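**Q** here is my input, please return the structure:
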Amino acid sequence: MTRGVSAQVALVALAICAGVFAGAGPAAAEEGEVKPIDLVVAVDESGSLSPDDVAQEKAAAATIALGELSAQSRVIVFGFASKGAKPAVESPPCVLEPGAGAAGREAMSQCIQQNINRRNSGEGDDTDFVSALNQGISDLGTGDRPKVLFLLTDGRLDVRGDTSYGPDENAQQQHAEDLLKRQVLPKAKERGIQVWPLGFGGDIDQGMLEYFAANGGRAQCDGREVTPKATVVRDTGGARLLQSMQEAFASARCGGSSFAPPVSIDGGGEVTLKVAIPAVATDGTITVYKADPNVTVTFTDPDGHKAPSSGEVDGSKFELAGNSGTVEALRIRNPKPGDWTVKVVAPAGLSKQLVTASALWQGVLRSVFFLDPPSPAPGQTFTVVMRPHTRSIEITDPKVLAGLSFSARLTGAGADTSVALLDDGKGPDAKANDALYSASFQLPANASGSYTVRGVATGTGVAADEHSLTFEPGRPQVISAQIEFDRGPVDAGTTRSGVVRVKNDDTAPHEVRLLVKGPSASDSVSVSPATAMAAPGDSTFTFSLAFASDARGPSGGSLQLIDAASGDVVTNTPLGVTIEEPPGFVETYFWWLVVAAVLLAGAVVTGVALLVARVRAQDVRGLQFTLYRNGTAQRPVLAPEAEHRSNRFDFNIPVSLDGRNEATLQAADPGEGRYVARRAGRDGVVLEHPGGGEPLKIVTNGQQVELPHLPDYSIGVQDNGRIPKQRDDDPIDPIPVTARSADLNL
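**A** Numbers count the residues shown, from 1 in each chain. Model prediction:
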């Protein structure tokens, strides 16, 4: 990319900004990490729900608890109903403390399965939302972390008989409703606690659920306020509830999600599901609803590698939990982008049921942030440029960024302007679709004091990567410049030339310096010469970029030109070069090989024709071997693989160890101690045997030959016809080299 003198890109700072989820107040998070939250799941155990409804609630609670993206989040799950032989809220709750790891997540799964159960009459099987919400609000506390409360229920308030709400049933119901409206939900809203109701059962109070959702706190996602909503789950099969849960949780968590449609699985069968994780995702969880704890699940990444249950592989970190329950979740840090495969295998005897999978993800973007010039003068127009990247890669493919938006805001004395940063090749953006997003601002003519430029990247499932840069208007520079070089892909270990066009408005020459700056760029790219003299007026000089032999991927960073006398950054330009694997021998000498192939073509055709004729004469395909005991044919009957040519067929005749001394034919790979059969002319076969000595000669289609060292046994060969012989004018097939034909004696 080339930028003009009035729109040079100067690197001022590299912003590594984290922030995934904004709640009621600021929340501290390690830079570049998914921001942790405090999460409570309250599960209705009342008698108005059926056992199947409560089982679905348990699966939903596990989906939410195990699907949480940050290992530093605090998760609490408890059951509730009404006051009776038990308190309205079950104690103790299931708790996942920050940093608990895989063991803690597995313990959470088991706790939900064991401790959340439908209550019977006498245990307190009505529904007390006041106690449940008050407990959740208390558990979430008053800290500055985002706070989310999931309420799993049919929405039917019922506290009749609980005298703590009044002397008679009508007063009890009314008093509980008043408390919800005047005290409980206002307290949740004041503390920024989001209430996300999930409705279960056949008699759901939709109005009550919607009231809960509308009167709690709000989520702040991508610079917009998100109001929680009520989700009704109607799914007798169980598997579709996962999608409902993940959609609600993704909304609450400001994340993205993808789903595999539910499929049926029978006992002893297996199914394959696929879920997508995009390149912008830095953290993800793949959750599987498997209906039965005995169902096994295998996760495979987009490159075909099986994911471990724990540990780190190729820069991705894995943590599995829930394999002992009906919901299994694999949390992945730095997941490989693309389609992940989930294989589900059911044990024999399992009744037919539905299974499904989903992926929940978030992207913690970081940004390279540029100003040009770094300290614009009063009244001067300057350019802002952003390029996003994740923890591990710089994003150079604009398709990956589809759906995201970028903006910048300038504030200071006499200025408060916001503009969209675009990658359309117009105005200050020099090249379309290069994943560099640009816009221009103009400082006031009387600019003074400090000015701030704030850049923001937003999008569904992606953190609001926000970076602010403060500067003071500077003096006009006497040196301006433009750096030009090809940004196409380059092979590692090679060089690329470029040119710098300089304008020096001073009367004396200035020494200028070229520097490579930015993340990892100095390790992979070097520039020479490092210095040059810029004479008064217009001048140019060339330079060379050298790319390290072990470097791969986007180079990142920028190439910077500095006025040596003042130390001012004159201009810079993003490197943005993708370093590729150098070509191999064939690619390097391709045309030499083509010429050699043409010269040898005649000899090759003749040689191949002779070779094919010989191989066809020796091809053992079409032969069929039968073992006889005292003249009686035994099973199985063996034949060479029909897909591959070979001049030999190897097999064993092992004797069973069950006392009956029965021998069977068994195919084997070439090696020592094998029977080896080869064709011997048109109607014969030669059989080498493990005992050594003279090979056996067998006439095909009828003859049986006794086997040495195996009394009572003989072997016969049936020839069912060779591969049809080609006519002289037929094209010649390539001869595959396989494990069974690698030792052809040609």
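**Q** which residues in the stretch 201-350 of the chain form strands?
**A** 219-221, 224-226, 231-232, 256-265, 270-277, 283-289, 296-300, 310-313, 316-321, 327-333, 338-345 (DSSP state E, counting those that start in this stretch).
**Q** just those: most buried one?
**A** Ranked by mean neighbour count, the strands of the stretch 201-350 of the chain are led by strand 283-289 with a mean of 27 (mean count of other C-beta atoms under 10 Å). No exception for glycine: its C-beta is placed from N, CA and C like everyone else's.
**Q** quick check: mean pLDDT across that one?
**A** Strand 283-289 carries an average pLDDT of 94.
**Q** who does it pair up with?
**A** In the sheet, strand 283-289 lines up against strand 327-333 (antiparallel), strand 353-362 (antiparallel) (DSSP bridges).
**Q** could you dump the strands of the stretch 201-350 of the chain to CSV with distance to residue 672?
**A** Listed next are these as CSV, based on distance: least, C-beta to C-beta, whole Å:
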stretch, distance to residue 672
strand 219-221, 67
strand 224-226, 70
strand 231-232, 66
strand 256-265, 45
strand 270-277, 38
strand 283-289, 46
strand 296-300, 36
strand 310-313, 38
strand 316-321, 42
strand 327-333, 45
strand 338-345, 37
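**Q** select, out of the ones you listed, the one closest to residue 459.
**A** strand 256-265 (8.8 Å; C-beta to C-beta).
**Q** before we move on, back to that, looking at the strands of the stretch 201-350 of the chain, spot the one closest to residue 702.
**A** Nearest of these to residue 702, taken as C-beta to C-beta: strand 270-277 at 45.5 Å.
**Q** how about the CA coordinates for that closest one, as PDB?
**A** This file holds the C-alpha atoms of strand 270-277, laid out as PDB (Å, rounded to 0.1, in the frame of the first residue of the first chain):
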ATOM      1  CA  GLU A 270     -22.500 -43.000  15.700                       C
ATOM      2  CA  VAL A 271     -23.100 -39.500  14.200                       C
ATOM      3  CA  THR A 272     -20.900 -36.600  13.100                       C
ATOM      4  CA  LEU A 273     -21.800 -33.000  13.900                       C
ATOM      5  CA  LYS A 274     -20.000 -29.800  12.700                       C
ATOM      6  CA  VAL A 275     -19.900 -26.400  14.300                       C
ATOM      7  CA  ALA A 276     -18.000 -23.300  13.000                       C
ATOM      8  CA  ILE A 277     -15.600 -21.100  15.000                       C
END
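**Q** in the sheet, which strands lie alongside it, parallel or antiparallel?
**A** Sheet pairing here is set by DSSP bridges, and for strand 270-277 it gives strand 338-345 (antiparallel).
**Q** the partner strand: how far from the chain's middle?
**A** 12 Å (C-alpha atoms, centre = their mean, to the nearest Å).
**Q** before we move on, the earlier item: got a markdown table for the strands paired with strand 283-289, with distance to residue 637 and mean pLDDT too?
**A** Listed next are the strands paired with strand 283-289 as a markdown table, based on distance: least, C-beta to C-beta, whole Å; pLDDT from 0 to 100:
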| stretch | distance to residue 637 | mean pLDDT |
| --- | --- | --- |
| strand 327-333 | 44 | 94 |
| strand 353-362 | 40 | 91 |
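**Q** could the ones you listed go into TSV alongside distance to residue 294?
**A** Conversion of those to TSV gives the following (distance: least, C-beta to C-beta, whole Å):
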stretch	distance to residue 294
strand 327-333	12
strand 353-362	12
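**Q** so which of these is nearest residue 103?
**A** Of the strands paired with strand 283-289, nearest to residue 103 by C-beta to C-beta is strand 327-333, at 13.3 Å.
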